[in-house]
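**Student:** dropping a prediction and its sequence here:
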Amino acid sequence: MVQVSDIDIPNLVDPRTYANHDMPGIWRLLRSKDPLHWHPESSYGPGFWVLTRHAEVSQVLRDDNTFSSEKGNVLATMLHGRDAGAGRMLAVTDGHHHTELRKLLLRAFAPRALEGVVHRVRRITRRLVTDAVERGHCDVARDIASVIPLETICDLLDIPVSDRQYVLNLTKSALSLNYESQYADGDQAARREILTYFSNLVQERRKTLGSDPISLMVNAEVGGRRLDDIDIILNCYSLIMGGDETSRLAMIGAVKALTENPVQWAALRNGDVTVESATEEVLRWTTPTMHFGRTAIAETWLAGHRIAPGDLVTVWLVSANRDEMVFPDADSFHLGRSPNRHLSLGYGRHFCLGAYLGRVEISAMLDALRTLVARIEQLGPEQYIYSNFLSGMSSLPVSLDGTLRSDGDVHD
């Protein structure tokens, strides 16, 4: 523990911290008393800086000349001094190679290229919500939110339907264990399995090209050279993890927030707020990715503190998105909030590649709920994931009462 004022700051690397402490209160304290907090060395690894205010978090995320992602962009890799994908995987690559690789992948994520995928997202989402209304109940995590993002990213990557449940199980294990367990290294095994899976898929695409991102990478040059199998496999890994987890956790959190805020639920159903505005507030409110990390590669100053080359710097989106200096009434859920400068999808050159698609998924669920559902009620306790990186629930049982509104019919 580290003492600030009269409140202890727990170990932010330990996943148990997020289950056992009042984290909103801790973030609030850090923002006001110690916005650039030094987290000491522990059994998990070396010390690091903790940034909690919107201004400094934004500054670090946009300045990749001073702060590099190539030694890891999350605590799990930063504290070990390296990331296996550095210089190859978009998320942990900087400079010219990042620019060229991002430009290539954006071809697959452009709105026009995604028209067919978006149509299927909306159709699948309405079907899943309709099925849940007909049953009268569902587990939002299992029956809706686990299906939509995975189906979407698997459509995008052209992953065979028969493999999709297997891939989902691996992604869950790789980043967000549901509980503390003696098998805590199971996440490493899951990551290895995902890489093996994509290794086989890349070989298939080398034989038969399609129009998916894997085929784009197989058939392209970046920086004057062909991407090799490792480059492609690591970027597939990044796409499947990012494409599933963030949207899934945001959707589950959205339903939880709507059950706890009946005035906001009524505003959504009645059309008093737009689905687009509601989507942005869901992203701010849930903040599925709690932190990102960088390594300083040049001396600089933040919030009155010197940052030395080699220092590890963590930026806590989960705190920045509740910064009272940026978000009036920050601890309230307001679907009509505007402006809404949340950082849930990142900022700067590493802004989320799949931001458009993620917003489509969340919007599709909110639209289906407001047109197909009259009342939502939580039926039992939620279950939170076990992670120091992701925030959200792995289970949320609810009842869904249908609406008689004629615009709720499902169309293919």
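**Tutor:** Cool, the structure landed.
**Student:** hmm, Glu56 is touching Trp301, no?
**Tutor:** No - the criterion here is CB atoms under 8 Å, and Glu56 misses it with Trp301 at 10.5 Å. To be clear about C-beta, it is placed using only N, CA and C from the backbone, and glycine gets the same treatment.
**Student:** neighbour count: these two, which is higher?
**Tutor:** A count of neighbours by other CB atoms under 10 Å puts Glu56 above the other of Glu56 and Trp301, at 21 against 9.
**Student:** low-confidence bits of the stretch 101-250 of the chain, can you list those?
**Tutor:** Residues of the stretch 101-250 of the chain meeting the criterion pLDDT under 70: 172, 174-186.
**Student:** which parts of it are strands?
**Tutor:** 137-139, 221-222, 225-226 (DSSP state E, counting those that start in this stretch).
**Student:** please work out which of these is packed deepest.
**Tutor:** strand 137-139 (a mean of 19; mean count of other CB atoms under 10 Å).
**Student:** ok, it: who's next to it in the sheet?
**Tutor:** With DSSP bridges as the test, strand 137-139 is paired with strand 397-402 (antiparallel).
**Student:** give me the contacts around the strand it pairs with.
**Tutor:** For strand 397-402, contacts defined as CB atoms under 8 Å, 6 or more residues apart in numbering pick out 129, 132-134, 136-140, 255, 259, 372-380, 382, 408.
**Student:** spatially central residue in the chain, please.
**Tutor:** Residue closest to the mean C-alpha point of the chain, counted by CA atoms, centre = their mean, is Thr246 at 2.7 Å.
**Student:** ok, that residue touching Gly358?
**Tutor:** Yes - contact status for Thr246 versus Gly358: in contact at 6.0 Å, counting by CB under 8 Å.
**Student:** mutual contacts of those two, please.
**Tutor:** In contact with both Thr246 and Gly358: Pro149, Leu345, Cys352, using CB under 8 Å, 6+ apart.
**Student:** tell me the phi and psi of the second one?
**Tutor:** It refers to Leu345. phi -100, psi 10 (degrees, to the nearest 10).
**Student:** Asp22 now?
**Tutor:** Dihedral angles (degrees, to the nearest 10) for Asp22: phi -80, psi 80.
**Student:** how many residues are close by it?
**Tutor:** Other residues close to Asp22 by other CB under 10 Å number 10.
**Student:** centre of the chain versus stretch 229-242, how much separation?
**Tutor:** 16 Å (CA atoms, centre = their mean, to the nearest Å).
**Student:** and what of stretch 151-159?
**Tutor:** Using CA atoms, centre = their mean, the offset of stretch 151-159 from its chain centre is 17 Å.
**Student:** list of residues touching that stretch?
**Tutor:** For stretch 151-159, the external contacting residues (CB under 8 Å, 6+ apart) are 108, 114, 117, 120-121, 124, 161, 163-164, 167, 201, 210, 212-215, 236, 239-240, 243-244, 247, 354, 357, 361.
**Student:** just to revisit the earlier point, against Gly392, how distant is the residue nearest to the centre of the chain?
**Tutor:** Distance from Thr246 to Gly392, counting by CB to CB, to the nearest Å: 9 Å.
**Student:** mutual contacts of those two, please.
**Tutor:** What both Thr246 and Gly392 touch, as defined by CB under 8 Å, 6+ apart, is the set Pro288.
**Student:** I'd like the next helix or strand past the longest helix seen in the chain.
**Tutor:** When the chain is parsed with DSSP state H, its longest helix is helix 229-260. Note on helix 229-260: by DSSP states H and E, the next helix or strand toward the C-terminus is helix 262-270.
**Student:** and whichever helix or strand comes after that next one, how far from the chain's centre?
**Tutor:** Next along the chain after helix 262-270, taking DSSP H and E as the criterion, comes helix 275-286. How far helix 275-286 lies from its chain's middle: 13 Å, per CA atoms, centre = their mean.
**Student:** residues near Ala257, how many?
**Tutor:** 17.
**Student:** which ones are touching the residue nearest to it when sequence neighbours are not counted?
**Tutor:** In this structure, Ala257 finds its nearest non-sequential neighbour in Phe333, 5.0 Å apart by CB to CB, 6 or more residues apart in numbering. Neighbouring residues of Phe333 by CB under 8 Å, 6+ apart: Ala257, Glu260, Asn261, Gln264, Glu281, Trp285.
**Student:** residues near the third one, how many?
**Tutor:** The local packing count at Asn261 equals 17, with neighbours defined by other CB under 10 Å.
**Student:** what sits against it?
**Tutor:** Per CB under 8 Å, 6+ apart, neighbours of Asn261: Phe333.
**Student:** where does the stretch 251-400 of the chain have low pLDDT?
**Tutor:** Looking at the stretch 251-400 of the chain by pLDDT under 70, you get an empty list.
**Student:** and the helices in it?
**Tutor:** Here the stretch 251-400 of the chain has its helices, by DSSP state H, counting those that start in this stretch, at 262-270, 275-286, 317-320, 355-372.
**Student:** what does the stretch 101-250 of the chain give?
**Tutor:** Going by DSSP H, counting those that start in this stretch, the stretch 101-250 of the chain shows helices at 115-135, 148-157, 164-175, 186-207, 213-218, 229-260.
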